[in-house]
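K.L.:
coords please:
(one chain, ligands or ions: 2)
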Amino acid sequence: MSEYMDLLEKAGDFHGDICGGIVMGTKLAIFGMETLGMTPGKKDKRLIVFTEIDRCISDAISSVTKTSLGKKSLKPVGYGKFAATFVNIETGEAYRIVDIGANKKDKDKELDEETIEELTKRIDTTPGEDLFTVQKVTVNIDKNDLPGKPLEIATCAECNEVIMDGKHHLKGGKPYCISCYNGSYYAIL
Ligand SMILES: [Zn+2]
Ligand SMILES: [Zn+2]
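P.N.:
Ligands and ions are numbered 1, 2, ... in the order given. Down below sits the predicted model:
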């Protein structure tokens with residue numbers, strides 16, 4: 001079994017099924033880690049991944065790279081795009097990997113009718129270079145967003161809830177949480 005097929009199976013277990021997003025995401029994650037000279041499927045403390053979409057491919061990325069929200073090593077940015085950026089926080093080296101197929105304007109009709117088995121076989125045997133574009137980028141990561149012990153902890157002057165990792169705003173010298181400072185995604189009933 002190829003390394004890809006092995007990691008695909010694990011990503012499928014993690015996600016719940018092997019769908020098109022898992023097939024592509026597994027390949028993208030392998031390609032991203034290899035571009036940074038890291039070993040796919042193995043946890044690497046130097047790696048942080050920014051994923052631009054909260055859909056299937058991000059579960060594959062998490063599974064292959066062993067990055068996660070809870071370890072502060074997987075950063076979802078809600079751009080809704082089929083792309084992810086792989087950062088080596090030790091060296092600052094970073095690459096944004098974009099799925100070419102997802103961005104084709106005139107999608108191949110034949111490819112649309114591809115079964116998951118056919119897609120899997122095609123992706124397994126196609127080099128990453130033919131499936132993805134690579135942009136060498138630089139990413140500015142706030143020290144509060146790096147894995148490790150919390151650096152800043154505050155308590156909101158209005159709601160009294162604790163705010164980790166420097167996410168508070170200062171107003172009149174006092175810390176406020178984002179909800180109290182900016183308004184929230186929820187409304188209390
Ligand atoms: Zn899926
Ligand atoms: Zn508050």
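K.L.:
beta partners for the spatially most central residue of the chain?
P.N.:
Centroid-nearest residue in the chain, with C-alpha atoms, centre = their mean: residue 51, separated by 2.8 Å. Applying DSSP bridges to residue 51 gives these bridge partners: residue 76, residue 84.
K.L.:
got it, and residue 94?
P.N.:
Here residue 94, judged by DSSP bridges, has bridge partners residue 87, residue 137.
K.L.:
can you list the residues of the protein near ligand 2?
P.N.:
Within reach of ligand 2 by C-beta under 5 Å from the ion, the chain has these residues: 156, 158, 159, 177, 180. Yep, even glycine has a C-beta here, placed from its N, CA and C like the rest.
K.L.:
Quick check on these: which are buried?
P.N.:
Among the residues of the chain next to ligand 2, those classed as buried by 16 or more other C-beta atoms under 10 Å are 156, 177, 180.
K.L.:
coming back round to it: just the residues of the chain next to ligand 2 now: which is nearest residue 103?
P.N.:
residue 177 (37.4 Å; C-beta to C-beta).
K.L.:
What residues does that closest one make contact with?
P.N.:
156, 158, 159, 161, 163, 167, 168, 169 (C-beta atoms under 8 Å, 6 or more residues apart in numbering).
K.L.:
Include secondary structure, pLDDT and distance to ligand 1 when you put those into CSV, please.
P.N.:
Formatted as CSV, these follow (DSSP: H, G, I helix; E, B strand; the rest coil; pLDDT from 0 to 100; distance: C-beta to the ion, whole Å):
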residue, secondary structure, pLDDT, distance to ligand 1
156, coil, 98, 37
158, coil, 97, 40
159, coil, 97, 37
161, coil, 98, 34
163, strand, 98, 34
167, coil, 97, 30
168, coil, 97, 36
169, strand, 98, 37
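K.L.:
Output these as JSON lines; include the columns distance to residue 65.
P.N.:
Shown next, in JSON lines, are the contacts of residue 177 (distance: C-beta to C-beta, whole Å):
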{"residue": "156", "distance to residue 65": "34"}
{"residue": "158", "distance to residue 65": "38"}
{"residue": "159", "distance to residue 65": "35"}
{"residue": "161", "distance to residue 65": "32"}
{"residue": "163", "distance to residue 65": "28"}
{"residue": "167", "distance to residue 65": "24"}
{"residue": "168", "distance to residue 65": "30"}
{"residue": "169", "distance to residue 65": "32"}
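K.L.:
Looking at those, which one is closest to residue 78?
P.N.:
residue 167 (16.5 Å).
K.L.:
The closest one touches residue 144, doesn't it?
P.N.:
Yes. With contact defined as C-beta atoms under 8 Å, residue 167 and residue 144 form a contacting pair (7.5 Å).
K.L.:
tell me which parts of this protein are close to ligand 1?
P.N.:
So far as C-beta under 5 Å from the ion goes, the chain lies against ligand 1 at 19, 21, 56.
K.L.:
if I pick the first one, what's in contact with it?
P.N.:
When you say that, I think you mean residue 19. Per C-beta under 8 Å, 6+ apart, neighbours of residue 19: 56, 116.
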